[in-house]
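In: What follows is a predicted protein model with its sequence.
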Amino acid sequence: SLGIGIFKTVKDLTFVFSEPTVRASFKDLVTNVLSLIVVLELIRAFVDYFEHEAVSMEILIEALIAFLIREFMIHLFEGKVTGFEVFWWAFAIVLVVVSRFILIIYKGIKIFKKPRISSLQE
């Protein structure tokens, strides 16, 4: 999916300069780039799981932050966001960022641990 996302982003980059409505194609380009960042964060979570046999909460929260910022930017580019919605989006993003900093203090919290098979020779 990462390769497809990169290919689609490069393809859409050509439309930014060729379409008469640059705003619409620019919005699509921003959406694709932000989606690519979310995919990269999810791939990082999978790699962490396969390397350490556990997923760090920090990585999952970073993926959530990237997703929230992506959704907020998409709503901003649509132009349908009110001041009250901006407040709640900002509040949600700040709340998740604060939880990320709290997790930095409590490093080592792992979830989704693979079960260890005990030795049958005992």
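Out: Everything's here; your move.

In: Tell me the buried residues in the lengthiest helix in the chain?
Out: Scanning the chain for the helix with the most residues, using DSSP state H, yields helix 22-52. Taking 16 or more other C-beta atoms under 10 Å as the neighbour-count basis, helix 22-52 is seen to contain the buried residues 25, 27-39, 41-42, 45, 48-49. To be clear about C-beta, it is placed using only N, CA and C from the backbone, and glycine gets the same treatment.

In: low pLDDT regions in the chain?
Out: Regions of the chain meeting the criterion pLDDT under 70 cover residues 1-2, 5-6, 9, 12-25, 108-122.

In: And the strands in it, which stretches?
Out: Taking DSSP state E as the criterion, the chain carries its strands at 55-56, 110-111.

In: Ramachandran coordinates for the residue nearest to residue 75 when sequence neighbours are not counted?
Out: Taking C-beta to C-beta, 6 or more residues apart in numbering as the measure, residue 75 lies nearest to residue 81, with 5.0 Å between them; neighbours along the chain are not counted. Dihedral angles phi and psi of residue 81 (degrees, to the nearest 10) take the values phi -100, psi 130.

In: Please report the distance of residue 81 from residue 92.
Out: Distance check for residue 81 against residue 92: by C-beta to C-beta, to the nearest Å, it reads 13 Å.

In: and what of residue 79?
Out: 20 Å.

In: Among these two, which residue is more densely surrounded?
Out: Neighbours around residue 79 and residue 92, counted as other C-beta atoms under 10 Å, are more numerous at residue 92. The numbers are 15 against 8.

In: what's the burial count for the closest residue to that one other than its chain neighbours?
Out: Excluding the flanking residues, the one nearest residue 92 by C-beta to C-beta, 6+ apart is residue 68, at 6.0 Å. Burial measure for residue 68: 17 neighbouring residues, criterion other C-beta under 10 Å.

In: my guess is residue 68 contacts residue 93, does it?
Out: Yes: with the criterion set as C-beta atoms under 8 Å, residue 68 and residue 93 qualify as a contacting pair; they are 5.3 Å apart.

In: Cool, thanks, signing off.
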